[in-house]
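In: have a look; sequence and predicted model below, questions after that.
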Amino acid sequence: MPSLVTQPEAPLPRMTRSQTREQAILDAAVALVAELGYERVTMNDIAARARASKATMYRKWPTKADLINAALERHAVADEQRTWEDTGSLRGDLVAVVRGISRITAGNEGPSFLGMLEAVRADPKLRDLLRRQITRTAIKGDTALVARARDRGENVREDGTAWVYEIAIGAVIMQTLLRGERPDEAFEEELVDRVLMPLMLDHSQE
């Protein structure tokens, strides 16, 4: 007979002092890129914000690009967890995706993509990192989004359309550049209704 006594959950492993120090450095790097932009941030700034030794930083990350790469990689993995929200409908999911892209692009939380554009153009490492992040997020999220839609009985394309994520990014970036601010909700919903939904639906079944 199974026990009725609830067993306590195993405690999460505590970070070592080294891991805590590394997390502080990466958090400081992300925060400073968001505040100052990639070009203006220096290793001295990051060391001061994290209260870390520059010698420690340089041993693990020989250049600023290496450190920012590592910081953005960890930040992106955390952000992926909420990008593909389950709202109960395909349209709602797509609106949530677009709003997540708007949030990241505008830099309200974490480094602004627009603030990184010049660095991304000039730095092959950052450019490759961004490309891999977008591809990974698009494929991972598209798989979940399509599976949920099909489980609900929505008429969505079986092969999925991972590239709608890239289309959404491009549209949000252009709108942000032209307006100088994050797109409003009307634009986000129009992008979903007029562009993304038609791409996701399986019109062959109509």
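Out: Received, thanks. Numbering: from 1, shown residues only.

In: can you count the residues close to Asn44?
Out: 10 (other C-beta atoms under 10 Å). C-beta coordinates here come from the backbone N, C-alpha and C atoms, glycine included.

In: tell me the secondary structure for it?
Out: Here Asn44 is helix, with the state taken from DSSP: H, G, I helix; E, B strand; the rest coil.

In: number the residues from 848 up from this point.
Out: Yep, numbering from 848; the last one is Asn891 now.

In: gap between stretch 982-1001 and the chain center?
Out: Here the centre of stretch 982-1001 is set off from its chain's centre by 16 Å, with C-alpha atoms, centre = their mean, to the nearest Å.

In: now do stretch 1024-1044
Out: Relative to the centre of its chain, stretch 1024-1044 is centred 18 Å away, using C-alpha atoms, centre = their mean.

In: can I get it in PDB, CA atoms only?
Out: Output in PDB follows, covering the C-alpha atoms of stretch 1024-1044 (Å, rounded to 0.1, in the frame of the first residue of the first chain):
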ATOM      1  CA  LEU A1024      13.500  51.300 -35.900                       C
ATOM      2  CA  LEU A1025      10.900  53.400 -37.600                       C
ATOM      3  CA  ARG A1026       8.900  54.300 -34.500                       C
ATOM      4  CA  GLY A1027      11.800  54.500 -32.100                       C
ATOM      5  CA  GLU A1028      10.000  52.500 -29.500                       C
ATOM      6  CA  ARG A1029       8.500  49.000 -29.000                       C
ATOM      7  CA  PRO A1030       5.600  48.200 -31.400                       C
ATOM      8  CA  ASP A1031       2.100  48.700 -29.800                       C
ATOM      9  CA  GLU A1032      -0.400  45.900 -29.300                       C
ATOM     10  CA  ALA A1033      -2.300  46.800 -32.400                       C
ATOM     11  CA  PHE A1034       0.700  46.200 -34.600                       C
ATOM     12  CA  GLU A1035       1.600  43.000 -32.900                       C
ATOM     13  CA  GLU A1036      -1.900  41.600 -33.400                       C
ATOM     14  CA  GLU A1037      -2.100  42.700 -37.000                       C
ATOM     15  CA  LEU A1038       1.200  41.000 -37.700                       C
ATOM     16  CA  VAL A1039      -0.200  37.800 -36.300                       C
ATOM     17  CA  ASP A1040      -3.600  38.000 -38.100                       C
ATOM     18  CA  ARG A1041      -2.400  39.200 -41.500                       C
ATOM     19  CA  VAL A1042       1.000  37.400 -41.800                       C
ATOM     20  CA  LEU A1043       1.800  34.700 -39.300                       C
ATOM     21  CA  MET A1044      -1.600  33.000 -39.000                       C
END
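
In: mind listing what's buried along that stretch?
Out: Within stretch 1024-1044, the residues that count as buried by 16 or more other C-beta atoms under 10 Å are 1029-1030, 1034-1035, 1038-1039, 1042-1044.

In: need those residues in CSV (columns: distance to Leu976).
Out: Rendered in CSV, the data for the buried residues of stretch 1024-1044 read as follows (distance: C-beta to C-beta, whole Å):
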residue, distance to Leu976
Arg1029, 23
Pro1030, 25
Phe1034, 28
Glu1035, 26
Leu1038, 26
Val1039, 28
Val1042, 27
Leu1043, 25
Met1044, 30
